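Enquirer: need a structure here:
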Amino acid sequence: MSKKNEEKLNYPSVLRELKEKGPQRLYLLWGPEDYLREHFLGQLKQTCIPEGEDSFSYRRIDGPELDARELQSAVDAVPFLSERSFVELRGVDLNRLPDADQVLRVLQDIPDYCTVAFVQTASFEPDGRLKQVKKLRGLCREINFTGQTQGELTKWIAKRFAALGKGVDFEAAQRLIFISGDLMNRLIPEIEKVAAAAKGDKITVADVEAVAHHIPEAVIFTMTDQIAQKKMNNAFATLAELLSDKNNEPIANLGMLGLQMRRLYAARLAIEQSLGVSYVMEVCGYKSDYPANKLLQSARGYSLAQLKRAVEICAETDYRIKSSGLDDRELFKEAVMRIAAEECDETA
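Expert: This next block holds a predicted model:
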């Protein structure tokens with residue numbers, strides 16, 4: 001039900017390691033938090049080539065393929081007016097390397113003066129089942145740039161607002177993460193918009209709600225909560241807002257709706273069995289109690305039977321979208337209507 005439980009990256013610890021131990025010869029930098037990945041890359045470059053990029057000490061090779069001979073040439077290049085050289089490999093598809101054996105041979109013999117860094121896109125994930133990935137992991141310092149813990153992210157948001165001359169309520173920071181997502185590069189423009197629009201010196205929940213972009217997951221959460229509160233007109237208005245955004249694919253929306261209904265089912269189960277908010281956080285993959293408490297509050301408006309049926313409706317709709325050839329948006333709309341109708345029927 002929850003996303004894969006991944007250990008959250010302790011980014012300050014990673015920076016301390018670089019400062020205390022110095023650069024290693026080979027890095028694999030990947031993960032969804034591209035803001036921190038690029039920040040670390042900058043720190044790594046600064047450590048390796050403090051005088052900056054030049055044709056002697058810095059080489060960049062862009063993927064998705066990687067030629068072993070080109071890599072060998074870059075690795076063997078002797079730095080000039082610098083103690084180290086740095087080779088940046090951007091967007092190489094490590095899961096599909098045609099010259100994997102030759103590339104690995106080069107990487108096994110990187111000179112002491114050279115640092116090589118594979119820098120992956122935010123959507124890339126190395127396939128740990130593959131032979132070349134296993135071997136690479138045995139050679140490199142791998143850093144998975146995950147989303148940060150709620151506490152670290154909240155402190156970071158406060159610092160960003162402070163740099164813009166604004167304070168921020170704790171509840172407002174939590175709300176911003178909830179509706180705009182927990183990735184820093186997504187949050188930066190939202191912080192700037194909110195700070196520019198807010199009239200007071202301290203950002204409030206109302207300021208965030210008025211300006212910040214609501215990601216589809218947050219819109220769907222709002223819609224299902226409105227159904228729980230029997231505010232059907234509001235729920236259908238939210239549905240219309242969701243459907244009006246042509247960037248939102250119906251199959252993706254349905255996947256998020258199905259996940260939300262399963263989370264609500266888990267929360268309702270937690271209520272009935274007195275399992276508490278920590279259970280909801282663990283099962284639903286939440287990083288803080290803020291969304292978990294919101295979910296528990298929403299789940300009180302449903303029964304287990306209603307939520308079980310809602311999950312079934314999402315599964316049935318998924319099958320119809322993939323097999324019937326009918327309009328995807330209409331099928332998604334129908335699924336929401338059926339879930340709302342189940343809610344109305346039981347409470348009539």
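Enquirer: okay, now Asp201: neighbour count?
Expert: Using other C-beta atoms under 10 Å, Asp201 is surrounded by 8 other residues. Where C-beta positions appear, they are placed from N, C-alpha and C, glycine not excepted.
Enquirer: and it, how far from Asp318?
Expert: Between Asp201 and Asp318 the distance is 48 Å, computed by C-beta to C-beta, to the nearest Å.
Enquirer: got it, and Lys199?
Expert: With C-beta to C-beta as the criterion, Lys199 and Asp318 are 45 Å apart.
Enquirer: who's more crowded, those two?
Expert: Higher neighbour count among Lys199 and Asp318: Asp318, with 18 against 5, using other C-beta under 10 Å.
Enquirer: how near is that one to Ser324?
Expert: On the measure of C-beta to C-beta, Asp318 and Ser324 end up 11 Å apart.
Enquirer: work out the gap between stretch 219-230 and the centre of the chain.
Expert: 23 Å (C-alpha atoms, centre = their mean, to the nearest Å).
Enquirer: quick one: the strands in the stretch 151-300 of the chain?
Expert: 167-168, 202-203 (DSSP state E, counting those that start in this stretch).
Enquirer: what sits against the residue nearest to Gln226 when sequence neighbours are not counted?
Expert: Computed as C-beta to C-beta, 6 or more residues apart in numbering, the closest residue to Gln226 that is not its neighbour in sequence is Ala235, at 3.9 Å. Counting by C-beta atoms under 8 Å, 6 or more residues apart in numbering, Ala235 touches Met223, Thr224, Gln226, Ile227, Val336, Ala340.
Enquirer: what about Ala235, distance to Phe124?
Expert: 37 Å.
Enquirer: same thing with Arg268?
Expert: In terms of C-beta to C-beta, Arg268 sits 37 Å off from Phe124.
Enquirer: those two: which is more packed in?
Expert: When Arg268 and Phe124 are compared for neighbours, Arg268 comes out ahead with 23 against 18, by other C-beta under 10 Å.
Enquirer: low-confidence ranges, the stretch 1-150 of the chain, go.
Expert: 1-6 (pLDDT under 70).
Enquirer: what do you get if the cut-off is 50, keeping everything else the same?
Expert: For the stretch 1-150 of the chain, the stretches with pLDDT under 50 are 2-5.
Enquirer: and the helices in it?
Expert: Here the stretch 1-150 of the chain has its helices, by DSSP state H, counting those that start in this stretch, at 11-21, 34-48, 68-76, 100-107, 131-139, 150-163.
Enquirer: I'd like those helices laid out as CSV, including distance to Leu176 and mean neighbour count.
Expert: Shown next, in CSV, are those (distance: least, C-beta to C-beta, whole Å; neighbours: other C-beta atoms under 10 Å):
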stretch, distance to Leu176, mean neighbour count
helix 11-21, 20, 12
helix 34-48, 15, 18
helix 68-76, 42, 16
helix 100-107, 41, 17
helix 131-139, 35, 15
helix 150-163, 6, 17
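Enquirer: any chance of a markdown table for those helices, columns distance to Glu241?
Expert: Below are the helices of the stretch 1-150 of the chain laid out as a markdown table (distance: least, C-beta to C-beta, whole Å):
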| stretch | distance to Glu241 |
| --- | --- |
| helix 11-21 | 35 |
| helix 34-48 | 28 |
| helix 68-76 | 49 |
| helix 100-107 | 47 |
| helix 131-139 | 42 |
| helix 150-163 | 25 |
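Enquirer: out of those helices, nearest to Ala212?
Expert: Each of those has some distance to Ala212 by C-beta to C-beta; the shortest is helix 150-163, at 11.3 Å.
Enquirer: quick check: domain ranges of the chain?
Expert: With domains defined by automatic domain parsing, the chain comprises 11-144, 150-211, 216-347.
Enquirer: contacts only, for the spatially closest residue to Ser298 that is not a sequence neighbour.
Expert: Nearest residue to Ser298 in three dimensions, chain neighbours excluded: Asp225, at 4.3 Å (C-beta to C-beta, 6+ apart). Contact partners of Asp225, counting by C-beta under 8 Å, 6+ apart, are Lys294, Gln297, Ser298, Gly301.
Enquirer: likewise Tyr290?
Expert: Listed by C-beta under 8 Å, 6+ apart, the contact partners of Tyr290 are Gln150, Gln174, Ile177, Phe178.
Enquirer: now with 7 Å, please.
Expert: Shown in contact with Tyr290 (C-beta atoms under 7 Å, 6 or more residues apart in numbering): Gln174, Phe178.
Enquirer: how much space separates it from Leu176?
Expert: 11 Å.
Enquirer: ok, now Pro50?
Expert: From Pro50 to Leu176 the distance is 36 Å (C-beta to C-beta).
Enquirer: swap in Lys246?
Expert: 25 Å.
Enquirer: of these two, which one has the most company?
Expert: Leu176 (27 against 7).
Enquirer: apart from its chain neighbours, what residue comes closest to that one?
Expert: Nearest to Leu176 is Val208, by C-beta to C-beta, 6+ apart, at 4.9 Å.
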